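A.B. asks: Here's a sequence, model it:
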Amino acid sequence: MMRKLLVQASALRRLSSAHSLPSLLTSSSRRGSSSSSSSSSSFEATAAQPPITSVESLDDEPSQPTSKLSIDRSALYNPPEHSHEPSSDSELVKHLKSIIKFRGGPISVAEYMEEVLTNPTAGFYINRDVFGTEGDFITSPEVSQMFGEMIGVWVMCLWEQMGQPSKVNLVELGPGRGTLMADLLRGTSKFKNFTGSLQIHMVECSPTLQKLQHKNLKCVDEDSHNGNAEKSTISMLAGTPVLWHAALEQVPSGLPTIIIAHEFYDALPVHQFQRASRGWCEKMIDVAEDSSFRFVLSPQPTPAKLYMMERCKWAGAEEIAKLDQIEVCPKAIELTSAIAERIGSDGGGALVIDYGLNGIVSDSLQAIRKHKFVDLLDNPGSADISAYVDFASIRHSAEEASEDVTVHGPITQSQLLGSLGINFRVEALLKNCSDEQAESLRTGYWRLVGEGEAPFWEGPDDQVPIGMGTRYLVMAIVNKKQGIPVSFQ
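C.D. replies: Numbering: from 1, shown residues only. Here you go, the predicted structure:
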């Protein structure tokens, strides 16, 4: 009998201890991404269902158990050291550390990047407006209205090469504030046959940015005329219908499609590999003894190494031999394949504009906060993370995905905008503007097509306009039936 009491008392002590410890195992809620169907864990996860263990009382003599206790052992797994000090970590930092701890090892740079940028609760892009002078960085559409107007010229020229279809999907991936699309629609609004054919599709995963795009496109929600409860959204800039999607695959197929991907590829998560004595090892992110994040090398080959080997196959041996680090972006390869397959079957084309290289990318990953470069691992979720785009990889991916497309470029952004008539546009605008507006136009023009510091600048040195004309590259993927697109001829 004494043995029964000791066993029960011990079990009760363990039960009490278990309920006083924080839960370490959580279930994950998965989210959709704007670039692909893969997803990321949310840190607002609920505790996993605890395993129930039955403990039976024992005696020296055979007897039937007289009592049974259900014990929650979930919190007994790898308990943390007890501390009364409050944690200064953000919820996203806690979430990242919990992933690393739960798996018992580091995570890839790609997973870290995806969580930091698009975690559904605390991702950098999800709950804030990060664009413009008040944000963290400035993109070409925010520099001048002329950028969106010129892209509108390219889209309309491609539409004419397609035979002026009566209905066409115009898709923008990662539209930001919607500035590019707004300027495109304003600039083409007089061409009624063109704008009347458009069905706008904005691929955006951020609810905050979706609302901002809705506002900047001057959208109004109207009751559906076909009896459905759903409302249709119309942009009053050109009377075109607008729909929002979380991913490209949600955009209906079957219609000719024109896709704009401006500064979208650079935000797709990359895997980094480093040459070591034992060969190429993937660069991972772990938690150091002082609880900060640190880079480590994977001890064993990882699944992403298959993509690295595929990328190296497209490059020459001499090019690989010169590198100690390589970046590969599986999601860029998958996205490009999906774009090429759609264009090959439905007709149309895609325009990719981004900063990058026409070859293998080495160590380009960077973090920007309030227009300044910061440590990649410092306060994740508070800075934008991006990487150079591998345009050669885009070309190979598209050509392998569909025999019905051709790939053109890359050319520089300056070449693209120059061929579309930006020089004539800026001259026309300068004829009817104030001195202040003229200064803004000249500055914006230089940033779009210039290289380096603006020679005409007379203001403060720390505000001198820097030209992006040669930093940004442009590539087009079009259906073979359309011929060579304008600017690439």
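A.B. asks: for stretch 89-100, which positions count as buried?
C.D. replies: 92, 93, 95, 96, 97, 98, 99, 100 (16 or more other CB atoms under 10 Å). Bear in mind the C-beta positions are built from the backbone N, C-alpha and C, glycine included.
A.B. asks: brain fart, stretch 314-333
C.D. replies: Applying 16+ other CB under 10 Å to stretch 314-333 flags 314, 315, 323, 325, 326, 327, 328, 329, 330, 331, 332, 333 as buried.
A.B. asks: Widest-spaced pair of those residues?
C.D. replies: 323 and 331 (21.4 Å; CB to CB).
A.B. asks: quick one: contacts for residue 414?
C.D. replies: 448, 449, 450, 451, 467, 469, 470 (CB atoms under 8 Å, 6 or more residues apart in numbering).
A.B. asks: now the last one, what's its secondary structure?
C.D. replies: Of the three states, residue 470 takes coil under DSSP: H, G, I helix; E, B strand; the rest coil.
A.B. asks: pLDDT weak spots in the stretch 51-200 of the chain?
C.D. replies: 51-87, 127-139 (pLDDT under 70).
A.B. asks: Please, where are all the strands along it?
C.D. replies: 52-56, 68-72, 107-108, 168-173, 198-203 (DSSP state E, counting those that start in this stretch).
A.B. asks: can you list contacts of the last one?
C.D. replies: Outside strand 198-203, the residues within contact range by CB under 8 Å, 6+ apart are 34, 167-175, 178, 181, 210, 213, 217, 235, 238, 240-248, 250-251, 255.
A.B. asks: Just the buried subset of those, please.
C.D. replies: 34, 168-175, 178, 181, 210, 213, 217, 235, 238, 240, 242-248, 251, 255.
A.B. asks: in stretch 107-124, what counts as buried?
C.D. replies: So for stretch 107-124, counting by 16+ other CB under 10 Å, buried means 107-120, 122-124.
A.B. asks: right, I mislabeled it, should have said stretch 434-444
C.D. replies: 441, 442, 443, 444.
A.B. asks: Kindly indicate which of those residues lies nearest residue 305.
C.D. replies: residue 444 (43.7 Å).
A.B. asks: Looking at whichever strand or helix holds that closest one now, give me its mean pLDDT.
C.D. replies: For residue 444, the host element (DSSP states H and E) is helix 435-449. If you average the pLDDT over helix 435-449, you get 92.
A.B. asks: from the contacts of residue 414, which is closest to residue 185?
C.D. replies: Nearest member of those to residue 185, counting by CB to CB, is residue 448, at 19.3 Å.
A.B. asks: Assess the claim that the closest one and residue 148 are in contact.
C.D. replies: No: using CB atoms under 8 Å as the test, residue 448 is too far from residue 148 to be in contact (10.9 Å).
A.B. asks: More neighbours: which of the two?
C.D. replies: Between residue 448 and residue 148, residue 448 has the larger neighbour count (other CB atoms under 10 Å), namely 26 against 23.
A.B. asks: returning to that earlier point: just the buried ones from the contacts of residue 414?
C.D. replies: 448, 449, 450, 467, 469.
A.B. asks: these two touch, right, the second one and residue 417?
C.D. replies: Looking back up the chat, that one is residue 449. Yes: applying CB under 8 Å as the test, residue 449 and residue 417 come out as touching, 5.5 Å apart.
A.B. asks: which neighbours do these two share?
C.D. replies: residue 469.
A.B. asks: In contact with residue 106, which residues?
C.D. replies: By CB under 8 Å, 6+ apart, the neighbours of residue 106 are 100, 284, 285, 286, 296, 298.
A.B. asks: how far off helix 435-449 does whatever helix or strand residue 475 lives in point, in degrees?
C.D. replies: In the assignment (DSSP H and E), residue 475 maps to strand 472-479. Taking axes from the mean of the first three to the mean of the last three CA atoms, to 10 degrees, one finds that strand 472-479 is oriented at 70 degrees with respect to helix 435-449.
A.B. asks: picking up where we left off before, of the buried residues of stretch 314-333, which belong to strands?
C.D. replies: Mapping the buried residues of stretch 314-333 onto strands (DSSP state E) picks out 325, 326, 327, 328.
A.B. asks: Give the bridge partners for the last one, please.
C.D. replies: To tie it back to what came earlier, the one meant is residue 328. With DSSP bridges applied, residue 328 shows beta-bridge pairing to residue 271.
A.B. asks: residues in contact with it?
C.D. replies: Counting by CB under 8 Å, 6+ apart, residue 328 touches 270, 271, 273, 304, 307, 308, 311, 390, 393.
A.B. asks: next one: residue 296
C.D. replies: 106, 283, 284, 285, 286.
A.B. asks: Tell me which of those residues fall in strands.
C.D. replies: 283, 284, 285, 286.
A.B. asks: which residues does the last one contact?
C.D. replies: Spelled out, it's residue 286. 100, 105, 106, 293, 294, 295, 296.
A.B. asks: Who does the fourth one form a beta bridge with?
C.D. replies: Meaning residue 293. Here residue 293, judged by DSSP bridges, has bridge partners residue 287.
A.B. asks: Give me the below-cutoff pLDDT ranges for the stretch 301-450 of the chain.
C.D. replies: Of all residues in the stretch 301-450 of the chain, none has pLDDT under 70.
A.B. asks: circling back to that earlier point, wait, which of the ones in strands among the buried residues of stretch 314-333 is closest to residue 435?
C.D. replies: Checking those one by one against residue 435 (CB to CB), the nearest turns out to be residue 327, at 45.4 Å.
A.B. asks: surely the closest one meets residue 271?
C.D. replies: Yes: checked against CB under 8 Å, the pair residue 327 and residue 271 is within contact range at 7.1 Å.
A.B. asks: can you count the residues close to residue 366?
C.D. replies: Count around residue 366 with other CB under 10 Å applied: 15.
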